[in-house]
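Chemist: model the structure of this input:
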Amino acid sequence: MFASLFSSKSSDKARDITAPEAMAALMVRIAKSDDEYSATEIARIDAVLGLLYQLTADQADDLRQTAEALEAEAPDTVRFTRAIKEEVPYEERFNVVRALWQVVLADGARDAEEDALMRLLASLLGVNDRDSAIARKQA
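Modeler: Down below sits the predicted model:
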């Protein structure tokens with residue numbers, strides 16, 4: 001059910017980006033926000049993508065690699081959050097924030113950069129601070 005919410009494309013002037021690509025790119029961006037992009041974080045991203053979209057390990061790896069390229073090209077985060085907001089109803093965006101928290105917490109540490117980006121992402125996704133805190137605890 002959750003995966004089907006991400007299956008269609010949203011429009012973007014530079015290139016159409018799918019909601020799964022946007023989700024993966026946000027995961028990559030949050031993982032890199034502390035200037036450490038560890039194998040643990042990469043493995044967590046692949047695992048979460050596999051669960052969200054019912055992907056094989058190779059498919060999740062391919063999606064993450066596509067997302068790494070998209071993330072490197074994108075000057076801001078709005079492009080990704082917009083693609084998700086257009087495709088995912090508010091009730092399901094909580095799960096998006098929870099998945100992002102899973103990536104943040106993958107390395108066992110939270111830093112100021114990750115916290116600041118998570119506050120921004122939750123806000124851009126329309127998820128309030130209270131729900132983001134609940135999602136963090138569930139992650």
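Chemist: what packs against the top helix by length along the chain?
Modeler: When the chain is scanned for its longest helix (criterion: DSSP state H), the result is helix 57-73. Counting by 3 or more CB pairs under 8 Å, 6 or more residues apart in numbering; DSSP states H and E, the packing neighbours recorded for helix 57-73 are helix 19-32, helix 39-53. C-beta: built from backbone N, CA, C; applies to glycine.
Chemist: that one versus helix 19-32: what angle between them?
Modeler: Angle, helix 57-73 to helix 19-32, by axes from the mean of the first three to the mean of the last three CA atoms, to 10 degrees: 70 degrees.
Chemist: put the alpha carbons of helix 57-73 into CSV.
Modeler: Taking C-alpha atoms only, helix 57-73 is exported to CSV below (Å, rounded to 0.1, in the frame of the first residue of the first chain):
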residue,chain,number,x,y,z
ALA,A,57,18.8,-5.8,-3.0
ASP,A,58,20.1,-5.0,-6.5
GLN,A,59,17.1,-2.8,-7.3
ALA,A,60,17.5,-0.9,-4.0
ASP,A,61,21.2,-0.4,-4.7
ASP,A,62,20.4,0.9,-8.2
LEU,A,63,17.7,3.3,-6.9
ARG,A,64,20.2,4.6,-4.3
GLN,A,65,22.9,5.1,-6.9
THR,A,66,20.4,7.1,-9.1
ALA,A,67,19.5,9.1,-6.0
GLU,A,68,23.2,9.8,-5.2
ALA,A,69,23.5,11.4,-8.7
LEU,A,70,20.3,13.4,-8.3
GLU,A,71,21.3,14.6,-4.9
ALA,A,72,24.7,15.7,-6.1
GLU,A,73,23.0,17.7,-8.9
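Chemist: poorly predicted segments of the protein, please.
Modeler: Residue ranges of the chain with pLDDT under 70: 1-15.
Chemist: quick check: closest non-adjacent residue to Lys43.
Modeler: In this structure residue 43 is Ala, not Lys. Ala106 (7.7 Å; CB to CB, 6 or more residues apart in numbering).
Chemist: wait, isn't the one you found in contact with Thr40?
Modeler: Yes. Taking CB atoms under 8 Å as the contact criterion, Ala106 and Thr40 are neighbours in contact, 5.3 Å apart.
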